[in-house]
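Q: predicted structure and sequence below. I'll ask about it afterward.
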Amino acid sequence: MTRLLGAGVAICFLCGIASAQSPPGTATQIGEKIDRGLSQIGAGISQAWGEVRQSIEKMGVQGRVYGRLHWDKALEGATLDISVRDSNVVVLSGKVASETAKKKAEQLARDTVGVNNVVNELAIAGTASP
């Protein structure tokens with residue numbers, strides 16, 4: 001997506017140089033070329049975003065939650081088990097380093113697309129389980 005935006009900026013820049021060197025009357029043609037270029041960039045961005053949305057929808061709730069928790073630095077070293085009930089209730093179990101990490105894991109899971117509820121059964125490492 002960044003490449004498309006960069007290409008759009010380059011097109012605008014080059015067209016600006018060309019218009020400064022072109023005889024009067026060609027400014028309209030250059031403007032039309034810029035409009036077409038920007039429309040193509042917009043279409044490319046829309047298509048790329050659609051592909052991202054489709055891939056997220058194909059991924060299951062468990063995979064999305066796992067991805068969010070696995071890559072979060074606050075949960076580094078945690079042993080997490082993620083299960084899903086009724087297709088949208090996430091159950092978190094395992095051990096985390098602190099109460100803050102426990103809350104972070106729950107919040108990340110709750111904020112994940114497709115999750116309606118979170119059951120947080122995480123234990124804090126080094127403390128006795130009830």
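A: Looks like it arrived, so ask away.
Q: which helix runs longest in the chain?
A: Assignment by DSSP state H gives helix 27-58 as the longest helix of the chain.
Q: in that helix, what counts as buried?
A: Of all the residues in helix 27-58, those buried under the rule 16 or more other Cβ atoms under 10 Å are 30, 33-34, 37, 41, 44. Glycine gets a C-beta too; all of them are placed from N, C-alpha and C.
Q: over to stretch 87-95?
A: 90, 92, 94-95.
Q: next: stretch 80-88.
A: 80, 82, 84.
Q: quick one: contacts of that stretch?
A: By Cβ atoms under 8 Å, 6 or more residues apart in numbering, the residues outside stretch 80-88 that reach it are 60-62, 65-66, 69-70, 90-94, 96, 105, 109, 114-117, 119, 122.
Q: would you mind writing the CA trace of it as PDB?
A: The C-alpha trace of stretch 80-88 is given here as PDB (Å, rounded to 0.1, in the frame of the first residue of the first chain):
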ATOM      1  CA  LEU A  80      -1.400 -19.500  27.100                       C
ATOM      2  CA  ASP A  81      -4.000 -21.900  26.100                       C
ATOM      3  CA  ILE A  82      -6.900 -20.500  24.000                       C
ATOM      4  CA  SER A  83     -10.100 -22.300  23.400                       C
ATOM      5  CA  VAL A  84     -13.400 -21.200  21.900                       C
ATOM      6  CA  ARG A  85     -16.900 -22.100  23.000                       C
ATOM      7  CA  ASP A  86     -20.000 -21.500  21.000                       C
ATOM      8  CA  SER A  87     -17.900 -20.000  18.200                       C
ATOM      9  CA  ASN A  88     -17.300 -16.600  19.900                       C
END
